[in-house]
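pasting the sequence and the predicted model now:
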Amino acid sequence: MEASTGAHQLPTTTSTSIDPLSETIKKRLLQKGVNPTPKIIHTLRKKHLQKSLRKSKSLISQSPIEPLTQSQQDTLAHELYFQNISKEYKEFNKVIDSKSLVGRPWESLESVNSAELASGYLIKEGNFDGKLKFEHLKDLGLVFEERKIEAVSMFLNDDDVEVDEGSLVGENGNWSPFRRRISEADAIRILVNRLTAREITMKDWKFTRMMKQSELQFTENQMLRIVGGIGEKGCWRQAMEVVQWVYSRPELKHYKSRFVYTKLLAVLQKGRRPHEALRIFNHMRGDCYIYPDMAAYHTIAVTLGQAGMVRELMSIIECMKERPSKSIKNMRRRNLDLNLQPDVVIFNSVLNACIPTRHWKGVAWVFQQLRKGSLHANSATYGLAMEVMLQSSKYDLVHQLFEKMKRNSKSPNALTYKVLVRTFWKEGNVDEAIHIVRKMEQSGIMGSGSVYYELACCLCNKGRWQEAMNAIDKLKKLRHSRPLTVTFTGMILSAMDGGHVDDCISIFEKMQQYCHPDIGVINAMLKVYGRNDMFLEAKGLFEKAERSVTRDTSCLGDENTPLEPDMYTYVSMLEISGHAQQWEYFEYVYKEMCLFGYQLEQAKHAGLIVEASKAGKWHLLEHVFDATLEAGEIPEPKLFSEMLWQAMLQYNYEKAITIVNTMAYAPFQFDKKAWIALFEKNKDRINKDHLQSLYNILAICGLSQEFTAVELVKALQSVCGPLAVKDTSSNRVGMIDSPSSDGDPCNSFIHDSPNSARDNKLVSVRPDVDWDSEYEDSDSDGDDDSVNGSSRNDFRRLVDEVACNEHKFTVFDELHSPDSDFEEAEAREDSELPSAEEILQTWMEMRKTDETKTHVV
């Protein structure tokens, strides 16, 4: 025990045996003056041992060969036998055609074909080279693709099968069999192309299938690329649906990204959708995970500023200064304070919102807020403030802001000079506008296309279009500028507003030396000709534009991009023909418009058709009326009234009653005063005999119990007096004073209608409204808010019911007796017109016939 309490002794180590070879190598190195490091000693020792091993092998080989044992002889014999069999098999394959021996005998023929394709052998006889062929692998891939499509063909439509060749193409453009699984970038690209190919929403089952087939994890980076790609194609609705679908999934709802929602706000800003952007922003403020940061505030501020929504923008500024509410979703931090304050970008958006609303007092408020926040206004701030004053006609304040900008050492930009040129134009100081542009060029500021555009329009408005051509020469030298055709269009319209018609024609002729005219320039010239009653010039220009569609040598425009008349071109030519009373050419233009697939907007241009009908082109009115009904829309009241007058002029009272019954179910009402006003306005065409005949027919035929039909009967009774009805049985004429039981003389003309009680909102037609007014006032925007979707559907259904019930009117069998006028019956037969589609087909055949005759001549 005492010995154990002593100090512990270290264990003794036995000395290792020293390698004599290593010592010998070390001595030799020291003799030669080389430092014997362990690595050098190990390398030399290894080489020495290898040399000794080679010498020993050479000595063994020189010794006599010992005899092999029985087992060694058997092994050697088996190896020789296997080598001979393998050699014979290879020689046999070279001689025999590979087609007959591809695959295994116990496999089916389809497996043999698949193995043949996979082996890469050539199928042709005598053409085997034993190399792998990519084209056969491609065929094999197509076979597999067909089998997959056949397996799921019952679940797919014809338009759902999409083959993206880009996913099977390698880097060099050749088909690559190793690229079977597409990359992430290709998957995103394919998904974006499929989503933007058509309008699709999250409720569509194909939308969910597209998202799942992409096999993406929808991470933050992937969502940013998907939303950005969809936004570049202008499909903001699909971008909203993608974000909503992804973050409504149970496995992804906790991975919402603030950056993805900010990207979505940028897409909505590009698409000019302020209300949708405001809704998304409010949704972000309700969730702590995606609570908006400064970038989101900048995006929503710019969006609202472009839309001129000042009140909503002021609410956004107030929200920046407030702390997040504790009741928002996923709120984990009690004192979340982002400490956001409005900056220059926010206040510039406020100024931008004040431009369309002309809130010029908001400029002073913005500069006051900038001083309170110790912020400095930049050049864009002064430029936007000047533009607000320009739109508010405060020209003196524009110059004051410009002087203040120079005092604060802020360099003017292109926007500032554009506002100055526009201000001098409004003030009538054209020379000052030219001087300020020259001063801009001397100061070294690169002017934008908008500056020279404003200067050119200013000069043309004042009758100095020759000087404006200098601005065109400078505009051509700019890289990022609007096309010259847009500038020439603005110059022509400015000269027209200034009253310089000859200058408009000169500018149009001069333009053809710089560029080819587009359809915008043609429309501008048609507007000039129309305002100055130049029908022949407009006709010639319109026909040249039409010939350009067939690439005629004498046409306008470029050979590569010929002109194609649009809706505005046809409407302008219709108005010009109507003003000039050229109704034959009016009919020709209308037919061409229909043949090119354009439909006349009857809410704006119903007056044109009414005037053409008064001039004898009543069949055009029939076509517009039928086309409107076929499109599921409700014709205007003036179209209904003109259809009624034309039916009365043609003595087609059966059609007149159908029109009256149809009007009764329309979402507007004619009262008694309105009917009498229409009778007075059209008394040059509709006399008392026509009204009396209509009154007699209505006495026998039942009408629907609707307000418009009842008021028509009252108006006819007040104009025609007591009704005289011919008794066909006793040839007596009886006077009907008050045939109704309730004292109302109009109830005898009315039968109960099952659809008389309607919930639709009706629009009363006032008698002081000029429903048959001139077509100069037909360009006003039509307000269809009073006609909702349900009323349109009900009206269409009721029109069909009225048309089906026409055969129930037995009064015409009594009136069309043998002693009736044969000419009136013949007129009624001729008045039965085909449908709008049949008329369009007839016009197409007539046009083909005219073109054939033209080519023959």
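Yep, it's here.

tell me who's in contact with the nearest residue to residue 235 once chain neighbours are set aside.
In space, residue 235 comes closest to residue 196 once its chain neighbours are excluded; the distance is 4.6 Å by CB to CB, 6 or more residues apart in numbering. Bear in mind the C-beta positions are built from the backbone N, C-alpha and C, glycine included. The neighbourhood of residue 196, defined by CB atoms under 8 Å, 6 or more residues apart in numbering, consists of 230, 233, 235, 238.

same thing but at 6 Å, please
Residue 196 makes contacts with 230, 233, 235, as judged by CB atoms under 6 Å, 6 or more residues apart in numbering.

among these, which ones are in strands?
Among the contacts of residue 196, DSSP state E puts none in strands.

pull out the buried members of those residues.
230, 235 (16 or more other CB atoms under 10 Å).

now the strands for the chain?
668-670, 703-704, 723-727, 732-736, 750-751, 763-765.

pick out the shakiest of those strands, pLDDT-wise.
In terms of average pLDDT, strand 732-736 trails the rest of these, at a mean of 32.

look up how far residue 438 lies from the closest residue to residue 215 other than its chain neighbours.
Spatially, and ignoring its direct neighbours in sequence, residue 215 is nearest to residue 187 (6.7 Å; CB to CB, 6+ apart). From residue 187 across to residue 438, the span is 56 Å (CB to CB, to the nearest Å).

now swap in residue 72 and tell me
Distance from residue 72 to residue 438, by CB to CB: 109 Å.

any stretches of this structure with poor pLDDT?
Low-confidence segments of the chain, defined by pLDDT under 70: 1-17, 62-66, 95-181, 326-327, 330-338, 480, 549-562, 702-704, 722-857.

just to check, residue 458 is in contact with residue 427?
No - Residue 458 is beyond contact range of residue 427, at 10.6 Å (criterion: CB atoms under 6 Å).

higher neighbour count, the two?
More neighbours surround residue 458 than the other of residue 458 and residue 427, with 27 against 14 (other CB atoms under 10 Å).

do you know how far the more buried one is from residue 678?
Taking CB to CB, one finds residue 458 at 49 Å from residue 678.

same deal with residue 547?
From residue 547 over to residue 678 (counting by CB to CB), the distance is 43 Å.

more neighbours: those two, which one.
The residue with more neighbours, out of residue 547 and residue 678, is residue 678; 24 against 16, by other CB under 10 Å.

helices of the stretch 501-650 of the chain, start to end?
Using DSSP state H, counting those that start in this stretch, the helices assigned to the stretch 501-650 of the chain run over residues 501-511, 519-531, 535-549, 567-579, 583-595, 602-614, 618-630, 637-649.

JSON lines for the ones you listed, including distance to residue 345?
Converted to JSON lines, those look like this (distance: least, CB to CB, whole Å):
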{"stretch": "helix 501-511", "distance to residue 345": "40"}
{"stretch": "helix 519-531", "distance to residue 345": "34"}
{"stretch": "helix 535-549", "distance to residue 345": "46"}
{"stretch": "helix 567-579", "distance to residue 345": "38"}
{"stretch": "helix 583-595", "distance to residue 345": "47"}
{"stretch": "helix 602-614", "distance to residue 345": "40"}
{"stretch": "helix 618-630", "distance to residue 345": "49"}
{"stretch": "helix 637-649", "distance to residue 345": "51"}
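
nearest to residue 370, out of those?
For residue 370, the closest of these is helix 519-531, at 40.8 Å, according to CB to CB.

ok, residues contacting that closest one?
Identification of contacts with helix 519-531 by CB under 6 Å, 6+ apart yields 485, 488-489, 492-493, 496, 504, 508, 537-538, 541, 545, 563, 566, 568-569, 572, 575-576.

pull out the buried residues from these.
Neighbour counting by 16+ other CB under 10 Å classes 485, 488-489, 492-493, 496, 504, 508, 538, 541, 545, 563, 566, 569, 572, 575-576 among the contacts of helix 519-531 as buried.

run a quick neighbour tally on the closest residue to residue 244 other than its chain neighbours.
Spatial nearest neighbour of residue 244, chain neighbours left out: residue 202 (6.1 Å); criterion: CB to CB, 6+ apart. Neighbourhood size, residue 202 [other CB under 10 Å]: 14.
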